[in-house]
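Q: no FASTA, just this:
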């Protein structure tokens with residue numbers, strides 16, 4: 001578990017890290033440099049779950065490579081599917097990371113949401129829904145490894 005107290009805000013007790021794959025952790029189905037190492041640093045504190053529509057068909061290989069649990073989304077309302085999964089995990093215990101329009105629901109539902117504005121860009125609604133916006137997944141994961149960075153960004157008092 002990762003416990004973070006935001007001055008003037010909530011006390012976060014995070015147990016799950018729910019992540020989108022393409023555009024967030026990977027470009028064209030290939031994980032970005034440093035992602036595996038950053039996830040390894042968090043593995044003992046958070047359950048790592050990859051949610052994806054698997055646009056490039058690489059999700060199973062990438063999940064194995066990164067050592068994360070894979071949840072491949074079937075066709076349909078993926079915004080709601082991602083939101084529902086975060087809800088099932090216990091929204092108040094989840095940090096979510098994504099970049100796409102289908103990530104809006106999980107970012108809205110999670111206790112802490114991180115949008116990645118990377119090489120593939122990010123959907124505007126996703127940016128507006130996020131608590132924090134970063135320019136790479138490694139930077140977003142580093143916020144969880146070094147919570148004082150997150151506190152400095154989110155503090156209200």
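A: Good, I have the coordinates. Source: prediction; values computed, not measured. Residues are numbered from 1 along each chain as shown.

Q: all strands of the chain, in order?
A: 2-5, 11-14, 16-20, 26-27, 30-31, 47-52, 69-72, 94-98, 112-116, 132-134 (DSSP state E).

Q: Dump the ones you listed to CSV, plus mean pLDDT.
A: Below are those laid out as CSV (pLDDT from 0 to 100):
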stretch, mean pLDDT
strand 2-5, 96
strand 11-14, 97
strand 16-20, 98
strand 26-27, 94
strand 30-31, 95
strand 47-52, 96
strand 69-72, 96
strand 94-98, 98
strand 112-116, 98
strand 132-134, 98
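
Q: So what's the residue count around the closest residue to residue 45 other than its chain neighbours?
A: Excluding the flanking residues, the one nearest residue 45 by C-beta to C-beta, 6 or more residues apart in numbering is residue 2, at 4.9 Å. Quick note: C-beta positions are derived from backbone N, CA and C, even for glycine. By other C-beta atoms under 10 Å, 19 other residues sit near residue 2.

Q: Quick check: beta-bridge partners of residue 2?
A: Going by DSSP bridges, residue 2 is paired in beta bridges with residue 14.

Q: Spell out which residues sit in contact with it, please.
A: Remark: with contacts taken as C-beta atoms under 8 Å, 6 or more residues apart in numbering, residue 2 is in contact with 12, 13, 14, 15, 42, 45, 46, 95, 144, 147.

Q: and which of these is nearest residue 125?
A: Of all the contacts of residue 2, residue 125 sits closest to residue 95, with 18.9 Å by C-beta to C-beta.

Q: Quick check: chain neighbours aside, which residue is closest to that closest one?
A: Using C-beta to C-beta, 6+ apart, the closest residue to residue 95 is residue 112 (4.2 Å).

Q: Who are the contact partners of the one you found?
A: 4, 12, 14, 94, 95, 96, 131, 132, 150.

Q: Distance-wise, check it relative to residue 83.
A: For residue 112, the distance to residue 83 equals 15 Å [C-beta to C-beta, to the nearest Å].

Q: again with residue 15
A: Taken as C-beta to C-beta, the span from residue 15 to residue 83 is 18 Å.

Q: Those two: which is more packed in?
A: residue 83 (22 against 16).

Q: Report the inter-axis angle for the longest helix anywhere in the chain versus strand 94-98.
A: Identified as the longest helix of the chain according to DSSP state H is helix 78-89. Put simply, helix 78-89 runs at 160 degrees to strand 94-98, going by axes from the mean of the first three to the mean of the last three C-alpha atoms, to 10 degrees.
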